[in-house]
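Colleague: kindly generate the corresponding structure for this input.
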Amino acid sequence: MTTPQVLAFAILAAMMALFVWGRLRYDMVAVLALLAGVAAGIVPTDKAFSGFSDDIVIIVGSALIVSAAVARSGVIETALRPIAPWLTTPSIQIFMLTAVVAALSGFVKNIGALAMMMPVAFQLARKTGTPPSAMLMPMAFGSLLGGIVTLVGTSPNIIVSRVREEILGTPFSMFDFAPVGVLLAIGGVAFLAFGWRLLPERKGAATMDAAFNLEDYTTEVLVPQESEFDGKSVKDLETLGEGEVEVLAILGRPGRNSQPNGNTKLRSGDTIILRGEPAALERVVGAAKLTLGSDKVRKETDTPTDDVGVMEAIVTPDSALVGTSASRMRLYDHYQVDLLAVSRAGRRISRQLRSVRLLEGDVILLRGDLKAMPEALGELRLLPLAERGLALGRGRRSFVPVLILAVAMLLVALHLVPVALAFFASAALIVLFKAISLREAYDAVEWPILVMLGALIPLSDSLRTTGGTDVIANWLTAVAGALPPIGTLSLIMIAAMAVTPFLNNAATVLVMGPIAATFATSLGLSPDPFLMAVAIGAACDFLTPIGHQSNTLVMGAGGYRFTDYWKLGLPLSVYVVLAGVPLIALFWPLAPR
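Modeller: Residues are numbered from 1 along each chain as shown. As a prediction, this is how the structure comes out:
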């Protein structure tokens, strides 16, 4: 081997060792590896930062924003509501949740699809008693299976498409992965619907809601003229909340200030006092097109919409709010914050919030300029609580993100717009139409992942430019000399699966993709099936919680241990190899075309 090749392999080996060591975060490891590559001379200085302008970085970042907006819209919860009564057994629940996650993962980032459905899983767990640990890992694995169906479902597909473009001149198209991916995903979801029994029952980590152990919030809403609930009953509104929201009172008309019964009709202009969990209240307010009580008196300010947010706080004994109300304090006029809801242990609140006398120990939900909020809380002697990501009071644009995503996918499928441009434009339009705020959009982007990708792209390219991929391909050729073509394809997929838990799936494809293509060419075979094998092998990491963010995301919430993953993941990995290799060979012939 030449000196540049030795240096390339040494840096790669050191990088993998640091990934396994785990004391440095993966993005820092990638940055150090890039700097080492530049110092060693295997990455030209003028190419050191070329990875940050690569289409991969744009697609992954934009896809995360789109995923967050779809999750925020509530469309998924609305779509699942009609079938909720049929989800009676754990197997049916897991099958449905996993299937939905898998289907969504084909069109939004798989970790985004999982994040959308996790609240639904917890809601089902509360209602039916199914342990969340039985649901979450199958859902995470389902997100990985669904991600292999389309080009944008997972990072490995995007990266392997780029490798193909460099080698053959044309990338994979949007649905080139679908014939193999759909069949693998169907079989995998069917297995998970029964295989979840291999998992031990675990107690998930305590959520922030459980840690606070708050009583339900009480909030005030208005029935506007355009609401479809004008003329419907109280029971209809409570049904929309799936038993998690209660109508305490209807104000504004004579004789209607007492607790109404289920048959009481709602009318436009009614002021309703609702009680429930913040997530359930937000869902009902959005779905019924109700207006928060504070919105009708809120004044226009110069505060940008993106800087407006929601915070929780406790009324301390020293607070000026003790014994008085928001209207008497002129809370918005003096402090530029709205009172959205109140949580009070052991008490029912059945009057307008602005006239409620606040007590020591009340937990209140305030909306205002997030930059000025800390100062306002300090002046009011309110104790802020840890952030819980509450959405009440932020509004929804239910179908906007889904419509924008559908148009983008159509344009990509018709080859009218490149994938990177389609997703970048989708993210921009979603923010423009206020389906998600600019602040939330920036929060949705996983910057460490983008930094890792940007740093590893030029480094992985150094393996090709130094001839390192040819060296590894020659080694693999020697090992696979006695194997038939289908055996060599299996070898590549298993190698990608074995490396992914330690190297990260995106990094695995960046390293293994060029090697697999060179290996196939040296054997006189088509590189396409081998690139597909790398993409599927790297995307299907079911053995550890560290190889993919979806696995990591459910670890704490499900209370899983490191060793729990292989109990369900090993048989699923065997299935992917046994079914995936023949399917790849069927749809992507090994012989050169």
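Colleague: use CA for all of it now, contacts and neighbours both
Modeller: OK.
Colleague: in this structure residue 444 contacts residue 65, no?
Modeller: Yes - the criterion here is C-alpha atoms under 8 Å, and residue 444 meets it with residue 65 at 5.6 Å.
Colleague: more neighbours, those two?
Modeller: residue 65 (30 against 20; other C-alpha atoms under 10 Å).
Colleague: assumed that one was part of a strand.
Modeller: No - applying DSSP: H, G, I helix; E, B strand; the rest coil, one finds residue 65 to be helix, outside a strand.
Colleague: does residue 107 really touch residue 153, like I thought?
Modeller: Yes - contact criterion C-alpha under 8 Å: residue 107 and residue 153 qualify, at 5.5 Å.
Colleague: out of these two, which sits in the busier spot?
Modeller: residue 153 (32 against 24).
Colleague: name the nearest residue to the more buried one, sequence neighbours excluded.
Modeller: residue 147 (4.0 Å; C-alpha to C-alpha, 6 or more residues apart in numbering).
Colleague: show me the contacts for that neighbour.
Modeller: Residue 147 is in contact with 102, 105-107, 109-110, 153-154, 539, counting by C-alpha atoms under 8 Å, 6 or more residues apart in numbering.
Colleague: in the stretch 351-500 of the chain, where is pLDDT below threshold?
Modeller: By pLDDT under 70, the low-scoring segments of the stretch 351-500 of the chain are 386-398, 413, 473, 480-481.
Colleague: do a quick rundown of the strands in the stretch 151-300 of the chain.
Modeller: 217-222, 245-251, 271-276, 291-292 (DSSP state E, counting those that start in this stretch).
Colleague: name the helices or strands packed onto the first one?
Modeller: The reference is to strand 217-222. Under the contact criterion of 3 or more C-alpha pairs under 8 Å, 6 or more residues apart in numbering; DSSP states H and E, strand 217-222 touches strand 271-276, strand 291-292, strand 337-343.
Colleague: in JSON lines: the ones you listed, plus distance to residue 373, mean pLDDT and mean neighbour count.
Modeller: Shown next, in JSON lines, are those (distance: least, C-alpha to C-alpha, whole Å; pLDDT from 0 to 100; neighbours: other C-alpha atoms under 10 Å):
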{"stretch": "strand 271-276", "distance to residue 373": "25", "mean pLDDT": "86", "mean neighbour count": "24"}
{"stretch": "strand 291-292", "distance to residue 373": "20", "mean pLDDT": "80", "mean neighbour count": "21"}
{"stretch": "strand 337-343", "distance to residue 373": "8", "mean pLDDT": "85", "mean neighbour count": "25"}
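Colleague: closest to residue 72 out of the ones you listed?
Modeller: strand 291-292 (17.8 Å; C-alpha to C-alpha).
Colleague: from the chain's centre, how far out does the helix or strand just after that closest one sit?
Modeller: Per DSSP states H and E, the first helix or strand lying C-terminal to strand 291-292 is strand 308-315. In terms of C-alpha atoms, centre = their mean, to the nearest Å, the centre of strand 308-315 is set 25 Å apart from its chain centre.
Colleague: from the contacts of residue 147, which has minimum pLDDT?
Modeller: pLDDT across the contacts of residue 147 is lowest for residue 109, at 71.
Colleague: isn't it up against residue 153?
Modeller: Yes - contact criterion C-alpha under 8 Å: residue 109 and residue 153 qualify, at 5.3 Å.
Colleague: for the longest helix anywhere in the chain, name the packing helices and strands.
Modeller: Looking across the chain with DSSP state H, the single longest helix is helix 564-587. On a contact count with 3+ C-alpha pairs under 8 Å, 6+ apart, helix 564-587 meets helix 178-195, helix 485-503, helix 527-539.
Colleague: in the first one, what counts as buried?
Modeller: For helix 178-195, the buried set under the neighbour-count rule, 16 or more other C-alpha atoms under 10 Å, comprises 178-182, 184-186, 188-189, 191-193, 195.
Colleague: quick one, helices of the stretch 101-250 of the chain?
Modeller: 110-128, 132-147, 155-168, 178-195, 208-212, 234-240 (DSSP state H, counting those that start in this stretch).
Colleague: and residue 341, how far from residue 327?
Modeller: For residue 341, the distance to residue 327 equals 14 Å [C-alpha to C-alpha, to the nearest Å].
Colleague: and for residue 342?
Modeller: 14 Å.
Colleague: likewise residue 145?
Modeller: 54 Å.
Colleague: quick one: mean pLDDT over stretch 250-259.
Modeller: 62.
Colleague: what about residue 131, how many residues close to it?
Modeller: Residue 131, neighbours per other C-alpha under 10 Å, totals 19.
Colleague: you'd agree it is up against residue 121?
Modeller: No - Residue 131 is beyond contact range of residue 121, at 9.6 Å (criterion: C-alpha under 8 Å).
Colleague: what about residue 281, distance to residue 265?
Modeller: 20 Å.
Colleague: tell me the buried residues in stretch 404-415?
Modeller: 404-405, 408-409, 412.
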